[in-house]
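Trainee: next one to model:
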Amino acid sequence: MYILGIESSCDDTSAAVLNDNILLSNVTASQDVHFEYGGVVPELASRAHQQNIVPVVSAALKRAGITKEQLSAVAFTRGPGLMGSLLVGVSFTKGFARSLGIPMIDVNHLQGHVMARFIKEKPEDTTPPFPFICLLVSGGNSQIVKVNAYNDMEVLGQTIDDAAGEAIDKCSKVMGLGYPGGPIIDRLARQGNPLAYKFAEPHIPGLDYSFSGLKTSFLYSLRKWIQDDPDFIEHHKNDLAASLEHTIVDILMKKLRLAVKQTGIKHVAVAGGVSANNGLRNAFRDHAKRYGWTIYIPKFSYTTDNAAMIGITGYYKFLDKDFCSIDKPAFSKVTFK
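Mentor: Model (predicted):
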């Protein structure tokens, strides 16, 4: 079967084609218009999706070497995300699927991120066994998920305020480094000393996260240091980035270790935009050696929002004939079904 995946939850318009569970194409159009605003502007994002979705879908089909008439179903992100952006993808999918007489498959965006490690580029590629633990970290979510099956995911812990990616972006903005902050902090951190500065770490019981206190600690520390040296950030930005990254990764991994200890599950995956971070990836490799974990780290191209993860989730739902009726609307907020 051929599955078309469509992703439009934020500021990336993406389309992918899979032949069963093998990826044939994955095309993404990013939006540069948001850089000057220091964040995604919802109205501009939805307008850009309208411009991009038809050429992106056409390119995905062309690269896959098939026609739209060969498609078996269309999988699409129904939520969560920015409502205006989602509506573009949802509306396109409804019209496209209806015109071809093929079923629609709605996909939870967060479920798609977790399932990204199941994308195969060749049949022999390995995938995690069920159950496994997944650390889902992005600009909007920080969760520890126990994955019992593709359609059975249990949130063991999650942020009670800000997500890890959001904390990185906002600290980058405070430093005047630009948007998005994740790649900038990652690049600078590779040249800095991760132990140069200490920032407050939260003490939250259980497996939940909190990053708002870290942001406050970072801001107040900067204010104090800038009083003594107005050019402090410029003189120490590598060490600041490395110390910030080290603190966030340390917070994430402490709770993840606890989750592994409590569940006894040593197959551990990471997903979401922050999974592209070099420090977090190195921490996973270190934990695999120290604690005997079997780890699953996605390719960089599958860490950010992409349609391949929507398509692979749609593939498994297709096997169960779990289709979506045309009257179902997009939704902006939810964790997992």
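Trainee: can you list the weak-confidence ranges in the stretch 1-150 of the chain?
Mentor: For the stretch 1-150 of the chain, the stretches flagged by pLDDT under 70 are 33-37.
Trainee: in it, which spans are strands?
Mentor: In the stretch 1-150 of the chain, the strands defined using DSSP state E, counting those that start in this stretch lie at 2-7, 13-19, 22-29, 73-79, 104-108, 132-137, 142-149.
Trainee: what would these look like in TSV with mean neighbour count and distance to residue 308?
Mentor: From N, CA and C alone the C-beta is placed, and that goes for glycine too. Shown next, in TSV, are these (neighbours: other C-beta atoms under 10 Å; distance: least, C-beta to C-beta, whole Å):
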stretch	mean neighbour count	distance to residue 308
strand 2-7	28	6
strand 13-19	28	4
strand 22-29	20	4
strand 73-79	27	10
strand 104-108	24	12
strand 132-137	26	17
strand 142-149	21	18
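Trainee: can I get those strands in CSV including distance to residue 278?
Mentor: Formatted as CSV, these follow (distance: least, C-beta to C-beta, whole Å):
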stretch, distance to residue 278
strand 2-7, 25
strand 13-19, 24
strand 22-29, 21
strand 73-79, 27
strand 104-108, 28
strand 132-137, 14
strand 142-149, 18
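Trainee: how about the ones you listed, which one is nearest residue 331?
Mentor: Smallest distance to residue 331 across the strands of the stretch 1-150 of the chain (C-beta to C-beta): 3.6 Å, for strand 73-79.
Trainee: contacts for that closest one, please.
Mentor: 1, 3-9, 86, 89-90, 93, 96-97, 102-109, 112, 310-311, 313-315, 317-318, 323-324, 328, 330-334 (C-beta atoms under 8 Å, 6 or more residues apart in numbering).
Trainee: now, of those residues, which are buried?
Mentor: 3-9, 86, 89-90, 93, 96-97, 102-109, 112, 310-311, 313-315, 317-318, 324, 330-331 (16 or more other C-beta atoms under 10 Å).
Trainee: quick check: most distant residue from the centroid of this structure.
Mentor: residue 228 (38.5 Å; C-alpha atoms, centre = their mean).
Trainee: most centrally placed residue in this protein?
Mentor: residue 272 (2.4 Å).
Trainee: output the strand or helix carrying residue 166 as CSV, nothing but the C-alphas.
Mentor: Taking DSSP states H and E as the definition, residue 166 sits inside helix 164-174. Provided in CSV are the C-alpha atoms of helix 164-174 (Å, rounded to 0.1, in the frame of the first residue of the first chain):
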residue,chain,number,x,y,z
ALA,A,164,12.7,22.0,27.8
GLY,A,165,12.8,23.4,24.2
GLU,A,166,10.8,26.5,25.3
ALA,A,167,13.3,27.1,28.1
ILE,A,168,16.2,26.9,25.6
ASP,A,169,14.6,29.2,23.2
LYS,A,170,13.7,31.8,25.8
CYS,A,171,17.2,31.7,27.4
SER,A,172,18.7,32.2,23.9
LYS,A,173,16.4,35.1,23.4
VAL,A,174,17.5,36.7,26.7
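Trainee: can you tell me what sits against the helix or strand that that helix is followed by?
Mentor: Proceeding N to C from helix 164-174, the next assigned helix or strand is helix 181-189, under DSSP H and E. Contacts with helix 181-189, where a contact means C-beta under 8 Å, 6+ apart, come from 139, 165, 168-173, 177-178, 237-238, 240-242, 244-246, 273-274, 276-279.
Trainee: and helix 181-189, how far out from the chain middle?
Mentor: Put simply, helix 181-189 sits 16 Å off its chain's centre (C-alpha atoms, centre = their mean, to the nearest Å).
Trainee: ok so, going back, the helix holding residue 166 vs helix 181-189, what angle?
Mentor: 70 degrees (axes from the mean of the first three to the mean of the last three C-alpha atoms, to 10 degrees).
Trainee: what's the angle from helix 164-174 to strand 132-137?
Mentor: 20 degrees.
Trainee: what about the helices in this protein?
Mentor: If DSSP state H is used as the criterion, the helices of the chain fall at 42-64, 83-100, 109-115, 164-174, 181-189, 212-228, 232-263, 278-291, 307-319.
Trainee: can you list the ones you listed in TSV and add distance to residue 198?
Mentor: Formatted as TSV, the helices of the chain follow (distance: least, C-beta to C-beta, whole Å):
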stretch	distance to residue 198
helix 42-64	37
helix 83-100	39
helix 109-115	31
helix 164-174	15
helix 181-189	16
helix 212-228	9
helix 232-263	7
helix 278-291	16
helix 307-319	36
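Trainee: tell me which of these sits nearest to residue 135.
Mentor: Of these, nearest to residue 135 by C-beta to C-beta is helix 232-263, at 5.3 Å.
Trainee: for the closest one, which positions count as buried?
Mentor: Neighbour-count burial for helix 232-263, counted by 16+ other C-beta under 10 Å, picks out 232-233, 236-249, 251-253, 255-256, 259-260.
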